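1. Turn this into a structure:
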Amino acid sequence: MISVCGVICKTDCGSFENPCKGCNELKGEVSWVEFIGKKVCPIYQCVIDKKITTCASCEERPCDIWLVETRNPSVSDEEFMQDIQSRLKNLKKL
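-> Residues are numbered from 1 along each chain as shown. Here you go, the predicted structure:
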């Protein structure tokens, strides 16, 4: 299962299946969004608003939603950029 932003839930997400069932399954209502004051992941909501399937169809990726709004503050800049590159690579496969 791959999320709208290119995360492969089973291998890339430590919360998958405990407690998360995947971003797509939860329609973006994932547990971590409460930490940014949201109910739905902003990336997921953007995909829905643009009426596209994934960020692979968006010319703006990675956008400020990826780079600023949903950035995990507990990871280093290097880890963050590795995650972004991995997600972009995964989206290219779609």
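
2. Please make it C-alpha for all contacts and neighbour counts, starting now.
-> Will do.

3. neighbouring contacts of the worst-scoring helix or strand of the chain on mean pLDDT?
-> Among the helical and strand segments of the chain, the one scoring lowest on mean pLDDT, DSSP states H and E is helix 9-12, with a mean of 84. The set of residues external to helix 9-12 that reach it, using CA atoms under 8 Å, 6 or more residues apart in numbering, is 1-3, 16, 22.

4. So for the helix or strand where Leu91 lies, what gets flagged as buried?
-> Using DSSP states H and E, the element containing Leu91 is helix 77-92. Judged by neighbour count using 16 or more other CA atoms under 10 Å, the buried positions of helix 77-92 are 80, 83-84, 87-88, 90-91.

5. related to what we said a few turns ago, following the chain onward from the least confident helix or strand of the chain, which element is next?
-> Scanning forward in sequence from helix 9-12 by DSSP H and E, the next helix or strand is helix 42-50.

6. Following element in sequence after that next one, please.
-> helix 64.

7. Would you mind writing the ChimeraX command to select the buried ones in the contacts of helix 9-12?
-> Buried subset of those, written as a ChimeraX selection, criterion 16+ other CA under 10 Å:
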select :2,3,22
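
8. Mind putting the contacts of helix 9-12 into JSON lines with pLDDT?
-> Written out in JSON lines, the entries for those read as follows (pLDDT from 0 to 100):
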{"residue": "Met1", "pLDDT": "80"}
{"residue": "Ile2", "pLDDT": "90"}
{"residue": "Ser3", "pLDDT": "93"}
{"residue": "Phe16", "pLDDT": "73"}
{"residue": "Gly22", "pLDDT": "84"}
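
9. Ile52: which of the contacts of helix 9-12 is nearest?
-> For the contacts of helix 9-12, the minimum distance to Ile52 (CA to CA) is 12.7 Å, reached by Ser3.

10. which residues does that closest one contact?
-> Counting by CA under 8 Å, 6+ apart, the residues that Ser3 touches are 9, 22-24, 54.
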